[in-house]
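Enquirer: Sequence first, then the predicted structure, then my questions.
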Amino acid sequence: MKELAERDATGAVAVIYDEIRRFCGVPYVSSMQRHLATRPGWLEWVWAAVRPVFVSGRAQGTAWGVCERIEPLHLAPISRAALRVWGVEHEDEASIRAVCDSFMRASPTNLVLSGLLRKLLAGERPTGRGAHDSPWIPPSPVPALPALVDVARLPASEQRVVMSLGTPIEGEVFVPGLYRMLARWPHFIAHVATVLGPQLRDTATQGLCTRMLRALDAEIPGVFAALPALPASPHVPPSSEFDAVRAVLDGYRKTSPEMIVFSRAIRDALPG
C-alpha cells in the first residue's frame, strides 16, 4: 500500500503530520494517514474536517477511554532470562514497551478518525459548534521508536515469520507497523508470531476485537456531533476515489482492534 514517508512530507502535509504526532502523543504518523497523503488533497481535506476534535482532545479521550474499559488478552509471561537469550537487552525492553504503548495510543485514535471519515464519505456533514472543553494537554510523547523494518530485505525465514502476521488489503499483504518494528529482534518476533498466530484465528480473541470495535463505533456519532461545519476547501477529493478509500478503511477496521488488543497483551507479558 502506497505511503508518504514522514521524512518526505513537505508543506501542509508536514504540518499535519506534526500535529498528529503532537496531539496524540506519539512519535510517528500511522500508515493510514501516510496512505491518505499519497492521494492528492485527501489528508488535507480529512484533517481540516476532523482537526477540531483532536485539538480539543475529544477524539483521543474518547478512544482511549473505550480501550481502558475492554478486558485485556492475557499471554504467558515472558521471563527476563528468555529475553536475554533472544537478544533483547535492558534498553531493548524499554523500546519494546514504547512500541506497544504507541500502538495503544495510535490505533484507537485511528479508528475514531476513520469512523468520522466514513461518515463524511457517506455524505453526512457536521453542523456542531465545535468543542468547548478545557484546553487539551496531550500526554507526554512516547520515546523514539525503532525504525520500521523493510520486510522485503529480511532473510527468507524471518520474512515468512513476519508475513504470517499480515492482513490482506487491496490484494496485498499488509504487515502492521507493530510487527515491522518488533521484527528488529528476530527471536522475539518469532515468539510473538508463535503465541499470537493461533489468537489471530481464535473466536474468543476475535470476539474481544469485535467488542472493541463496536464500543468505539458507538462513540463516533457523539464525536461527529461535536465537529463544526466543514471549512471552505479549495479541493474536495473526487467521489470516484471514495470506494478505494473505504476499502483501505475497512482493512484498518480489522487490524486496528487487533493492534490495540495485541500490543497491550505483548506489553503486559513483559517482565515488570
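Expert: Here it is on my side, so go on.
Enquirer: The strand or helix carrying Leu83: which residues count as buried?
Expert: Assigned by DSSP states H and E, Leu83 belongs to helix 80-85. Buried residues in helix 80-85, counted by 16 or more other C-beta atoms under 10 Å: Leu83. To be clear about C-beta, it is placed using only N, CA and C from the backbone, and glycine gets the same treatment.
Enquirer: counting contacts, what elements does it pack onto?
Expert: helix 90-121, helix 186-201 (3 or more C-beta pairs under 8 Å, 6 or more residues apart in numbering; DSSP states H and E).
Enquirer: Rounded mean pLDDT for that helix, please.
Expert: On average, the pLDDT along helix 80-85 is 97.
Enquirer: ok, and what's touching that helix?
Expert: 92-93, 187-188, 191, 270-271 (C-beta atoms under 8 Å, 6 or more residues apart in numbering).
Enquirer: got a winner among these for most neighbours?
Expert: His191 (22 neighbours; other C-beta atoms under 10 Å).
Enquirer: give the contact list for that residue.
Expert: Per C-beta under 8 Å, 6+ apart, neighbours of His191: 78, 82, 86.
Enquirer: measure it to Asn110 for me?
Expert: His191 is 26 Å from Asn110, where distance means C-beta to C-beta, to the nearest Å.
Enquirer: just Val248 next, same as before
Expert: According to C-beta to C-beta, Val248 stands 11 Å off from Asn110.
Enquirer: So for the two, which residues contact both of them?
Expert: Common neighbours of Val248 and Asn110 (C-beta under 8 Å, 6+ apart) are Met32.
Enquirer: quick one, which of these two is more surrounded?
Expert: Neighbours were counted for Val248 and for Asn110 using other C-beta under 10 Å; Asn110 has more, 25 against 18.
Enquirer: In this structure the more buried one contacts Ser30, no?
Expert: Yes. Counting by C-beta atoms under 8 Å, Asn110 does reach Ser30; the two are 5.4 Å apart.
Enquirer: Having no further points to raise, I will conclude here.
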